[in-house]
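*Asks:* below: sequence and its predicted model.
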Amino acid sequence: NAGVTQTPKFQVLKTGQSMTLQCAQDMNHNSMYWYRQDPGMGLRLIYYSASEGTTDKGEVPNGYNVSRLNKREFSLRLESAAPSQTSVYFCASSAELVGEGYTFGSGTRLTVV
Amino acid sequence: AQKVTQAQTEISVVEKEDVTLDCVYETRDTTYYLFWYKQPPSGELVFLIRRNSFDEQNEISGRYSWNFQKSTSSFNFTITASQVVDSAVYFCALSDSNYQLIWGAGTKLIIKP
């Protein structure tokens, strides 16, 4: 099925460990996004990529890095995980940056202990 | 600053009742887009509707309807004859010239059989 694929679905890290969340879309979308969702809150934008080769900070970028590897793939890296980064992470894509409905991946539940 | 407020944290109704979820937004832009997403207990995010700021026509899709009123900066969502499968968290979101999707905190809707 066409859509956004995120891996892994679940991950437990120890404080200070690093990891990369992978995201790939097969809809030929230009724009991709990484969000985090904390209990009782809406999604908050971490980073986004308007098009291949560009990335920009969102609302909560500290502690994260991203790479737009190609048009299909957009990865999120935690260099030194902290308990405050325990959250559900969603990758999304859209055809254009403004005004388009987003297609979301199924999410990654990350716990940092 | 952009902001989306969903004042109703949780709503509980009995099946077949009608229910309205409120969404109030703030933006200085004249061009913007409003969205509703559904997040069922399984956790995925499902796109429901997108509305641009120049189109104030109400939208109806089956049992779902949306009332967009620029005068009150509101974009409310009504489910008619609710069903247990409608139980989910519903998010309202705003996208304007900042290219970011700003989310409300969500309304948890519980439909009792």
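*Replies:* Looks like it arrived, so ask away. Numbers count the residues shown, from 1 in each chain, chains lettered A, B, ... in the order given.
*Asks:* enumerate the residues of chain B near chain A.
*Replies:* By the rule C-beta under 8 Å from any C-beta of the partner chain, the part of chain B lying against chain A is B:4, B:9, B:33, B:35, B:43-45, B:47, B:50, B:52, B:91, B:93, B:95, B:97, B:99-106. Quick note: C-beta positions are derived from backbone N, CA and C, even for glycine.
*Asks:* now the buried members of the residues you listed.
*Replies:* B:4, B:33, B:35, B:45, B:47, B:50, B:91, B:93, B:95, B:99-106 (16 or more other C-beta atoms under 10 Å in any protein chain shown).
*Asks:* pretty sure B:R63 sits against B:V85.
*Replies:* No: shown here, B:R63 and B:V85 do not form a contact pair, counting by C-beta atoms under 8 Å, at 10.6 Å.
*Asks:* okay, these two: which has more neighbours?
*Replies:* When neighbours are counted by other C-beta atoms under 10 Å in any protein chain shown, B:R63 and B:V85 differ, and B:R63 comes out ahead with 13 against 9.
*Asks:* buried stuff in the helix or strand hosting B:N76?
*Replies:* Using DSSP states H and E, the element containing B:N76 is strand B:74-79. Neighbour-count burial for strand B:74-79 flags B:S74, B:F75, B:N76, B:F77, B:T78, B:I79 (criterion: 16+ other C-beta under 10 Å).
*Asks:* which residues does B:D96 contact?
*Replies:* B:Q2, B:T27, B:D29, B:T31, B:Y32, B:Y33 (C-beta atoms under 8 Å, 6 or more residues apart in numbering or on different chains).
*Asks:* closest to chain A out of the residues you listed?
*Replies:* B:Y33 (4.4 Å; C-beta to the nearest C-beta).
*Asks:* quickly list what that closest one is bridged to.
*Replies:* According to DSSP bridges, the residues that bridge with B:Y33 are B:N52, B:S95.
*Asks:* A:F104 too?
*Replies:* Beta-bridge partners recorded for A:F104 (DSSP bridges): A:A92.
*Asks:* run through the chain and note the low-pLDDT ranges.
*Replies:* Unless you meant another one, I'm taking chain A. Applying pLDDT under 70 to chain A flags the ranges A:1-2, A:97-100.
*Asks:* chain B, not that one
*Replies:* For chain B, applying pLDDT under 70 flags the ranges B:98-99.
*Asks:* name the nearest residue to B:Q100, ignoring sequence neighbours.
*Replies:* Spatial nearest neighbour of B:Q100, excluding adjacent residues (C-beta to C-beta, 6 or more residues apart in numbering or on different chains): A:L45 at 5.3 Å.
*Asks:* isn't there a strand covering that neighbour?
*Replies:* Yes: checked against DSSP: H, G, I helix; E, B strand; the rest coil, A:L45 lies within a strand.
*Asks:* now do the strands in chain B.
*Replies:* Along chain B, counting by DSSP state E, strands occupy B:3-5, B:10-14, B:19-21, B:24-26, B:33-39, B:46-52, B:59-61, B:64-69, B:74-79, B:88-95, B:101-103, B:107-112.
*Asks:* over to chain A?
*Replies:* Counting by DSSP E, the strands of chain A are A:4-7, A:10-13, A:19-25, A:31-37, A:43-49, A:56-57, A:64-68, A:74-78, A:87-94, A:103-104, A:108-112.
*Asks:* run through who's touching the third one.
*Replies:* Contact partners of strand A:19-25, identified using C-beta under 8 Å, 6+ apart, comprise A:3-8, A:11, A:13, A:32, A:34, A:72-78, A:81, A:89, A:91, A:93, A:103, A:105, A:108, A:110.
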